[in-house]
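[1] sequence first, then the predicted structure, then my questions.
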Amino acid sequence: MQPTSIVERSLRANTLAAGMASAFLIREVEQRLLALFAAGKLSGTVHTCIGQEWTGVAVAGALEPGDLLFSNHRCHGHFLARTGNVTGLIAEMMGRRSGVCGGLGGSQHLCDAKTGFYSNGIQGGMMPVAAGMALALKLRKQPKIAAIFIGDGTLGQGAVYETLNLASKWRLPLLVVLENNRYAQSTAQQETLAGGIRERAASFGIESFQSATWDPDTLCAVARQCADSVRREQCPALLEIECDRLLAHSKGDDDRDAAEMDLCWERDPITAFKRQHPAESSGFEQQAAAIVDLAVSEAEAAPYAELYLPAGARETQPREALEWTAAQDRGGERIAVRIREGLLQNMRRDPRIVLLGEDIRSPYGGAFKVTKGLSDEFSERVLNTPISESALVGAGTGLALGGFLPVCEIMFGDFLTLAADQIVNHAAKFELMYNGQVRVPLVIRTPMGGRRGYGPTHSQSLEKHWLGIANTQVLALHDRYDPALVYDQLFSTSASPALVIENKRLYASRLSSQAPAGFVQEHTVESFPVTRIRPLAPPDVTVFCYGGMLPYAVEAAIDAFVEEEIPVEVICPLRIYPLDPRAVIESLGRTHLLVIAEEGAGFAGAGAELLAQLAEHDPSLLRRVKRVCAPAAAIPACGPLEERILPSSGAIQDAIRSVMHHA
C-alpha cells in the first residue's frame, strides 16, 4: 500500500511518529518495572514485552472507540497502547489502591472497562471470552470488533481451536492477533509446534494476514487492513505478527542462543530508530522517562490495595434469625416443565437472556428436553454450540461481560470438568481481580446424579468440586420448591456466576406442594429458601440433604415415624454454596442428632462443610452424627448395583435409627 499524495505521506509520517513515541514509552515502562522489581518494590512476576512494543501499537492504532481488546500474561504494552494509562499500570504493579484494578490484579490481570480492555494470565483462556464479547456486539448489531492477543506458544491450548471453530461458524467480529516470537517460555517453537500457523486458521475457513514488527510502516497498514476486514465482513480473521522477545520470558534467566539474540537486537525497530534518528529518540526517551517518573512517585504516595468483596459477601452484622413461611408452591407439574417455564417467561420479559448449549434448539431441545421449543420463539437467543464445553462457558462469560444474561447448559454435570478453567479462572475471578469494574451474571445449568444407568462418566454427583469457588453460587434444585422461582430470582438479582444443579431423576418428578401427613412444609423467607419438612410432634432427629436426595430423606422421615415413632425434621437448602447453617443449627437446638444424606462421595462435600461450620458455632449442639453417601468409586452401569450403592431412603432410615439408639 503506497501513499499517493504528499498529504497521505504526511499523515503516515505523523502516525508513525506517534506510534514510535508510544513504543518508546512502553519500553521505558517495562524497563522501569524491571528496575522496581530488582529494588524490591514489586511483588509476584513481571512479563515484559521489550522487543514486541509495536504489536500493541499497531493493533491499538487499528481499533476504533467501542472496539474491545483482550490480552494475556504479557499485556503491559497492549494495555498502554490502548489506554495510555501509565499511572494506573504502574500503581497496579506496585500493589496500590490507585492502580487500574486497585492493586488486586497485578502484572497479568489488567482491566479498563471504560476502554474495553481485559487481560488474564491463563494461556488461551481469554479466547472464548473474547468470542463471547464479539457475540454480544453481533447480537446488538454494533459495528464494532473484539481483538485478542495470543502467542505462538498458546497454540498448544485446546480452547484456541474450540474458539476458532465457534467464531467461524457464528461469523463473529473477532480479530485474533498472534504474536509469533518463536518461543513458548524457554522452549523453541520447532520443539512443540506441528504444521503451520496460518494453516490452522485456514482449516476453520478464517482469513489470515501476516506482518512483522521490524517493519512498523507495513505492520500498521496490515493491522488496519485486517481490522477493517473483520469490521466490514463481520467475521473473524487472524493476524500473525512476527516479533522478537528481547528479554527473558519473565524476570528470570534467558538461555537462548546469544548470536540469535544479537540478530534480534539488531533488527529491533526501536534500536534501529535510535541509530537512524538519535535526536528524535533522545526526545522520546526524555518524555517517556518524565511520564514514568511521575507515575512512580504518585504510586509510591498511594496506599496499598484493599481486598475487594462483592456487596453480597460483606457481612457487618450478625445474621438475623430465620423467618419461616408455609409453602405455597404450584404443585403437580413436572420439574422439567417448571424449569422450562422459568426460562420461557424470563426470556419473554428480558431480551438480554441468551441460551447456549449442545443440542438445545428444536426439534431436539436438549438431552432432557428442558429447552424444547424455546428456539422456535427465540431463534437468535437459543444457540446450539459445538461439543466444546470450554468455549461454551467462556463465550457465556463474554456475553455476561457484554451486558447479557447468558445461560449455559452443560449436557451432563460430569462434563463440567471440561470447562473448569473458564469457571474457576475466568468467570469467578473477573469481578474480584478487576476490583469490581465488571459483573458476570452467568448461569450454568446442568443435570447431575445417577440412578439412570448411564455409567461411570455420566452419573456422577460432582457438585462438591464447585463448592468454595469465590464469588460463585451453587444451587441444587429439588422437588419441593418451584424451579421457575429460582430462575426468576437469578435473572432478576444475580450479578455473579451461578451453577444450578438439576438432578436427573427430578426432571420427571412432579413439584410437591403438600407436606406428608403429620408434617408441615415450610420455606425460609429469602432469595433462595431453605425448605423444612417439620413433624407436628417435637423432632428427635435432624436430617440434612439437598437436591435429588430430598425425596429419599422425606420417605425415610415418614417411615421412621410410622414404623418406629421417631419424629424427624428434614432440612434442605436450595443454595449449597455459600452454605448457611442457621436452619440446621435451629433444628439441632431441639434434636442434637444429625443425619447427613448426599448422593455423591462424602469426603470434603457439603455435609463435611456443614459439620465444620457447626463445630465452629457450638460443638455441644451435636451428640451424634451419621453420614449417608455414595462410596468413592466409579458409578457402575449395572442398574441393580447402582441402586444398591447410591444412598436410599432405607439407608437414611438406618442412619436415623443408629443415631437414636447410640445417642
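    Good, I have the coordinates. Residues are numbered from 1 along each chain as shown.
[2] for Phe519, report the pLDDT, please.
    pLDDT recorded at Phe519 is 97.
[3] scratch that, Ile6 is what I was asking about
    44.
[4] and for the one 10 residues further on?
    At Leu16 the predicted local distance difference test score is 79.
[5] next, the buried residues of the helix or strand where it lies.
    Following DSSP states H and E, one finds Leu16 within helix 6-38. For helix 6-38, burial by neighbour count (16 or more other CB atoms under 10 Å) applies to 15-16, 19-34, 36-37. C-beta: built from backbone N, CA, C; applies to glycine.
[6] so what secondary structure elements neighbour it?
    The contact analysis (3 or more CB pairs under 8 Å, 6 or more residues apart in numbering; DSSP states H and E) places helix 6-38 against helix 53-62, helix 76-83, helix 86-93, helix 216-233, helix 269-276, helix 278-301.
[7] export the fifth one to PDB, keeping only CA atoms.
    This points to helix 269-276. Output in PDB follows, covering the C-alpha atoms of helix 269-276 (Å, rounded to 0.1, in the frame of the first residue of the first chain):
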ATOM      1  CA  PRO A 269      12.600  -1.300  15.500                       C
ATOM      2  CA  ILE A 270      13.400   0.900  18.500                       C
ATOM      3  CA  THR A 271      17.100   0.200  18.400                       C
ATOM      4  CA  ALA A 272      17.100   0.900  14.600                       C
ATOM      5  CA  PHE A 273      15.200   4.100  15.100                       C
ATOM      6  CA  LYS A 274      17.700   5.200  17.700                       C
ATOM      7  CA  ARG A 275      20.600   4.600  15.300                       C
ATOM      8  CA  GLN A 276      18.900   6.500  12.500                       C
END
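[8] what average pLDDT does the lengthiest strand in the chain get?
    Ranked by residue count, the top strand of the chain under DSSP state E comes out as strand 593-601. Per-residue pLDDT values over strand 593-601 give a mean of 97.
[9] next: stretch 571-584.
    Mean pLDDT, computed over stretch 571-584, is 98.
[10] and it, how far out from the chain's middle?
    Chain-centre distance of stretch 571-584: 24 Å, with CA atoms, centre = their mean, to the nearest Å.
[11] report the buried residues of it.
    For stretch 571-584, burial by neighbour count (16+ other CB under 10 Å) applies to 571-577, 579-584.
[12] what is the nearest of the residues you listed to Arg275?
    Among the buried residues of stretch 571-584, Tyr577 lies closest to Arg275 (CB to CB), at 59.8 Å.
[13] centre-most residue in the protein?
    Centroid-nearest residue in the chain: Ala427, 1.8 Å away (criterion: CA atoms, centre = their mean).
[14] in stretch 40-58, what's buried?
    42, 46-58.
[15] nearest to Glu389 among those residues?
    Distance to Glu389 across those (CB to CB) is lowest for His47, with 28.5 Å.
[16] need the per-residue pLDDT for that closest one.
    For His47, the predicted pLDDT is 92.
[17] could you find the closest non-adjacent residue to it?
    Counting by CB to CB, 6 or more residues apart in numbering, Arg74 is the residue found nearest to His47 once chain neighbours are left out, at 4.4 Å.
[18] which residues are in contact with that neighbour?
    By CB atoms under 8 Å, 6 or more residues apart in numbering, the residues touching Arg74 are His47, Thr48, Cys49, Gln52, Gly151, Glu179.
[19] same thing with Ala420?
    Applying CB under 8 Å, 6+ apart to Ala420 gives no contacts.
[20] can you tell me how far it is from Val525?
    Separation of Ala420 from Val525 (CB to CB, to the nearest Å): 35 Å.
[21] cool, Met549 as well?
    24 Å.
[22] what of Leu646?
    Note on Leu646: its distance to Val525, by CB to CB, is 33 Å.
[23] next one: Tyr364
    Note on Tyr364: its distance to Val525, by CB to CB, is 39 Å.
[24] what does Ser390 give?
    In terms of CB to CB, Ser390 sits 39 Å off from Val525.
[25] could you do Leu462 as well?
    From Leu462 across to Val525, the span is 31 Å (CB to CB).
[26] where does the stretch 1-150 of the chain dip in pLDDT?
    Applying pLDDT under 70 to the stretch 1-150 of the chain flags the ranges 1-14.
[27] show me how the chain divides into domains.
    As assigned by automatic domain parsing, the chain contains the domains 8-301, 326-506, 519-661.
[28] rebuild those domains as CSV, extending it with distance to Arg319.
    As requested, these are arranged in CSV below (distance: least, CB to CB, whole Å):
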stretch, distance to Arg319
domain 8-301, 27
domain 326-506, 17
domain 519-661, 7
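[29] those: which one's closest to Pro310?
    Nearest to Pro310 among the domains of the chain is domain 326-506 (6.0 Å), distances taken as CB to CB.
[30] mind checking the end-to-end distance for the closest one?
    22 Å (CA to CA, to the nearest Å).
[31] could you number the chain from 237 rather than 1 from now on?
    All set: I'll call the first residue 237, so the last point we hit is now domain 562-742.
[32] chain center to it: distance?
    Counting by CA atoms, centre = their mean, domain 562-742 comes out at 13 Å from the chain centroid.
[33] need the helices and strands packed on helix 242-274 in JSON lines with distance to Gly639, can you?
    Below are the helices and strands packed on helix 242-274 laid out as JSON lines (distance: least, CB to CB, whole Å):
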{"stretch": "helix 289-298", "distance to Gly639": "23"}
{"stretch": "helix 312-319", "distance to Gly639": "20"}
{"stretch": "helix 322-329", "distance to Gly639": "23"}
{"stretch": "helix 452-469", "distance to Gly639": "20"}
{"stretch": "helix 505-512", "distance to Gly639": "38"}
{"stretch": "helix 514-537", "distance to Gly639": "32"}
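[34] which of these sits closest to Trp560?
    The closest of those to Trp560 is helix 322-329. By CB to CB, the value is 47.2 Å.
[35] what helices and strands are in contact with the closest one?
    helix 242-274, helix 312-319, helix 514-537.
[36] quick check: phi and psi on the residue nearest to Val761 when sequence neighbours are not counted?
    The shortest distance from Val761 to any non-neighbouring residue, by CB to CB, 6+ apart, is to Glu559 (4.3 Å). With angles defined as degrees, to the nearest 10, Glu559 sits at phi -110, psi 130.
[37] quick one: the strands in the stretch 287-436 of the chain, in order.
    304-307, 347-348, 353-355, 382-387, 410-416, 419-420, 423-424 (DSSP state E, counting those that start in this stretch).
[38] of those strands, which approaches Glu516 most closely?
    Here strand 410-416 is closest among the strands of the stretch 287-436 of the chain (CB to CB), at 26.3 Å.
[39] tell me what angle the closest one forms with strand 382-387.
    Here strand 410-416 runs at an angle of 20 degrees relative to strand 382-387 (axes from the mean of the first three to the mean of the last three CA atoms, to 10 degrees).
[40] how much space between Cys500 and Leu475?
    Cys500 sits 21 Å away from Leu475, going by CB to CB.
[41] and the helices in the stretch 737-886 of the chain?
    Assigned by DSSP state H, counting those that start in this stretch, the stretch 737-886 of the chain shows helices spanning 786-800, 818-827, 842-853, 875-881, 885-897.
[42] mind listing what Gly335 touches?
    Each residue near Gly335 by CB under 8 Å, 6+ apart is listed here: Gly324, Leu325, Ile326, Ala327, Glu328, Met329, Gly341, Ala535, Ala541.
[43] one more pass at 6 Å, please.
    By CB atoms under 6 Å, 6 or more residues apart in numbering, Gly335 lies in contact with Ala327, Glu328.
[44] can you check Glu758 too?
    Going by CB under 6 Å, 6+ apart, Glu758 touches Trp560, Ala562, Arg768.
[45] would you list the buried entries among those?
    Buried among those (16+ other CB under 10 Å): Trp560, Arg768.
[46] from the contacts of Glu758, which has minimum pLDDT?
    Looking at the contacts of Glu758 by pLDDT, the weakest one is Ala562, with 91.
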